[in-house]
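Peer 1: Give me a 3D structure for the following:
(one chain, ligands or ions: 1)
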Amino acid sequence: MARVYNFSAGPAVLPEEVLKEAAEEMMDYRGCGMSVMEMSHRSKTYQTIIDEAEADLRDLIGIPDNYKVLFLQGGASQQFAMIPMNLMKNKVADYIVTGQWAKKAWQEAGKYGKANKIASSEDKTFSYIPDCSDLPISEDADYVYICENNTIYGTKFKTLPNTKGKTLVADVSSCFLSEPVDITKYGIMYGGVQKNIGPAGVVIAIIREDLITEDVLPGTPTMLQYKTHADAGSLYNTPPAYGIYICGKVFKWLKKMGGLSAIKELNEKKAAILYDFLDQSSLFKGTVRKEDRSLMNVPFITGSEELDAKFVKEAKEAGLESLKGHRSVGGMRASIYNAMPVEGVEKLVEFMKKFEAENA
Ligand code: PMP
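Peer 2: The predicted structure follows:
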């Protein structure tokens with residue numbers, strides 16, 4: 001078996017332990033004589049799987065009882081519409097635009113009400129997080145929206161914006177469970193799981209109960225109402241059952257690793273290996289303002305498109321996969337999510353040093 005070091009931004013690397021366990025259970029899940037993939041989502045066995053997944057996630061984050069955990073579908077992108085449809089009572093929301101994903105969310109919200117762009121970092125290709133300590137928050141804003149970690153540009157909010165008492169909604173797709181969070185600061189925290197938690201097809205939304213109401217925009221489809229899923233324990237219709245089962249295994253793996261504080265420490269260690277090298281390299285350069293650097297997505301360039309392409313090609317030949325930057329920005333990007341082992345980052349830096357020496 002030859003596993004590569006996979007630096008993909010998502011779908012992304014998962015813990016080997018989880019993959020092995022899933023493989024072992026593939027043909028016969030714990031004496032059921034079938035795979036979880038083949039199992040009724042109404043069975044007792046599956047109910048235990050989804051209940052345990054939710055309980056472990058609650059435990060990891062420390063989610064209080066007044067928050068619901070929903071397992072949804074439609075990708076993170078579907079939340080761009082679901083959020084305004086469910087929350088825009090005044091038809092006003094404030095958006096902080098720090099990348100393409102926040103911009104898409106802002107544009108989508110504009111279909112349903114007045115979506116104000118109250119801050120942006122587009123002037124410098126989204127390479128920093130704007131000062132959000134005193135923004136012109138709208139008096140009647142139903143919520144303030146951020147994308148907490150910008151997958152494409154490699155920036156992260158190190159402090160949450162001052163929402164002046166308004167509900168904070170955050171897309172945490174690319175930093176989900178990478179560090180401890182205080183969920184009570186959020187009205188909604190949501191993300192696609194395909195980066196840090198599991199296979200594509202599952203979205204997890206953690207929502208404060210008072211935001212889950214029947215008072216949604218007229219015409220909101222049943223499937224796009226949070227209440228539909230909250231009332232049915234995420235089993236209104238057939239959920240992405242196998243995906244949730246894998247997420248559950250990743251939650252258990254995280255608990256075994258020591259929880260979110262321990263994983264944060266490990267993530268900081270990995271990121272430091274890469275950033276420290278970038279900061280002294282004569283060839284490679286990070287593209288993000290230092291104080292806003294993400295622990296998860298690390299973009300870098302050589303300054304030459306030709307050399308960038310050569311690097312990506314030769315890295316792949318050396319077993320370092322998917323280092324090409326997002327098509328909108330070019331260069332390279334190493335995504336070093338929870339499941340990327342320290343050795344993977346060490347191997348990458350070793351390879352960068354060699355490449356630098358050969359191409360000086
Ligand atoms: N938000 C962020 C931060 C992302 O990185 C992505 C890309 N996976 C999305 C939203 C869109 O996710 P999806 O493809 O699941 O709709």
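Peer 1: Now residue 134: closest residue in space that isn't a chain neighbour?
Peer 2: For residue 134, ignoring the flanking residues on the chain, the nearest one in space by Cβ to Cβ, 6 or more residues apart in numbering is residue 162 at 6.5 Å. For glycine as for every other residue, the C-beta is placed from the backbone atoms N, C-alpha and C.
Peer 1: Equivalent analysis for residue 155, please.
Peer 2: residue 292 (4.5 Å).
Peer 1: Also residue 270?
Peer 2: Nearest to residue 270 is residue 345, by Cβ to Cβ, 6+ apart, at 4.6 Å.
Peer 1: Let me know the helix or strand that the one you found is in.
Peer 2: helix 342-358 (DSSP states H and E).
Peer 1: Which residue does this structure have closest to the ligand?
Peer 2: The chain approaches the ligand most closely through residue 75 (2.8 Å), counting by Cβ to the nearest ligand atom.
Peer 1: ok, back up a step: what helices and strands are in contact with the helix holding residue 345?
Peer 2: Where contact means 3 or more Cβ pairs under 8 Å, 6 or more residues apart in numbering; DSSP states H and E, helix 342-358 is packed against strand 5-6, helix 259-280, helix 305-317, strand 320-321.
Peer 1: Can you point out the buried residues in it?
Peer 2: Using 16 or more other Cβ atoms under 10 Å as the burial criterion, the residues of helix 342-358 that qualify are 344, 345, 347, 348, 349, 351, 352, 355, 356.
Peer 1: Next: stretch 157-169.
Peer 2: 157, 160, 161, 163, 166, 167, 168, 169.
Peer 1: and which of these is nearest residue 86?
Peer 2: Proximity of those to residue 86 (Cβ to Cβ) peaks at residue 169, which lies at 10.2 Å.
Peer 1: The closest one - that's part of a strand, no?
Peer 2: Yes. Per DSSP: H, G, I helix; E, B strand; the rest coil, residue 169 lies within a strand segment.
Peer 1: ok, it - contacts?
Peer 2: Residue 169 sits next to 83, 87, 143, 144, 145, 146, 186, 187, 188, 189, 190 when contact means Cβ atoms under 8 Å, 6 or more residues apart in numbering.
Peer 1: What parts of the stretch 1-150 of the chain come near the ligand?
Peer 2: 10, 75, 76, 77, 101, 147 (Cβ under 6 Å from any ligand atom).
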